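[1] what follows is a predicted structure for the sequence shown.
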Amino acid sequence: MAQISDPVSLYKRPPPRKTLSFPWNSDDSTIPQQVHVSMVGSDRMRISWITEKAAPSRVEYGTSSGVYDSSAEGSASTYKYITYKSGLIHEAVIGPLKPDTHYYYRCSDDVSREFNLKTTPAHLPIKFVIIGGYVTMAGLCGRGDGVAPVVSMCGGEMGGDACEAGTLVVVFLGSVGCW
């Protein structure tokens, strides 16, 4: 009888890598940290970041590095949980933005750090259908057309052309059953 090797027991951990160092100047706690970008509609982006101390909730942006010909004012908030108090959580929405374009931006008037993003192409519409609860999909079981329930949802409750416009991404939340 052949002996089967256990891949977990055969694994040898590689040696640790060199420690990465990110110097932090605690005296300057208005430097943006944890910068995030998220889409807001087809031509806008929400930029969010945290500072430890008060700083402007402003994003300056443009299509050339170091040249910020547009700006957006936002807001800041904090929260507490038991003994923890968050830093200032800033957010600002920039736009309208051109499709398929690189943008450079900075947060809170901080001249030491520049960030960049690229907008999505105009010819790439992505539509999402989110289905929750218990859904039966005949196509998943090898019987019938499994796309029919999704298309009927798009054409019915979701407004007609939601599925025909472009790429369709279906997200299932819950169970999928077969009949």
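    Noted; the coordinates are in hand.

[2] ok, now which ones touch residue 109?
    55-56, 58, 60 (CB atoms under 8 Å, 6 or more residues apart in numbering). No exception for glycine: its C-beta is placed from N, CA and C like everyone else's.

[3] what about stretch 33-49, start to end distance?
    6 Å (CA to CA, to the nearest Å).

[4] just the contacts of residue 109: which are in strands?
    58, 60 (DSSP state E).

[5] spatially, which two of the contacts of residue 109 are the most separated?
    Spatially, the most separated pair among these is 55 and 60, at 13.0 Å (CB to CB).

[6] just the element for residue 76, please.
    Following DSSP states H and E, one finds residue 76 within strand 75-77.

[7] now residue 93
    strand 88-94.

[8] name the residues of that strand that are buried.
    When neighbours are counted by 16 or more other CB atoms under 10 Å, the buried residues of strand 88-94 are found to be 88-94.

[9] just those residues now: which is nearest residue 45?
    Among those, and counting by CB to CB, the member closest to residue 45 is residue 94, at 5.5 Å.

[10] tell me what the closest one is bridged to.
    As for beta bridges, residue 94 partners with residue 45 under DSSP bridges.

[11] quick thing: my sequence starts at 211, can you match it?
    With the count now opening at 211, the last piece we talked about shows up as residue 304.

[12] now do the contacts for it.
    Residue 304 neighbours (CB under 8 Å, 6+ apart): 254-255, 257, 269, 271, 280, 282, 313, 315.

[13] show me where the chain has strands.
    Secondary structure of the chain (DSSP E): strands located at 243-249, 255-261, 268-272, 280-283, 285-287, 290-291, 294-295, 298-304, 312-317, 325-328, 336-346, 377-387.

[14] okay, and the helix or strand of the protein with the least pLDDT?
    helix 358-365 (a mean of 45; mean pLDDT, DSSP states H and E).

[15] the contacts of residue 304 into CSV, with extra columns for pLDDT?
    Shown next, in CSV, are the contacts of residue 304 (pLDDT from 0 to 100):
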residue, pLDDT
254, 93
255, 93
257, 95
269, 97
271, 97
280, 97
282, 97
313, 96
315, 96
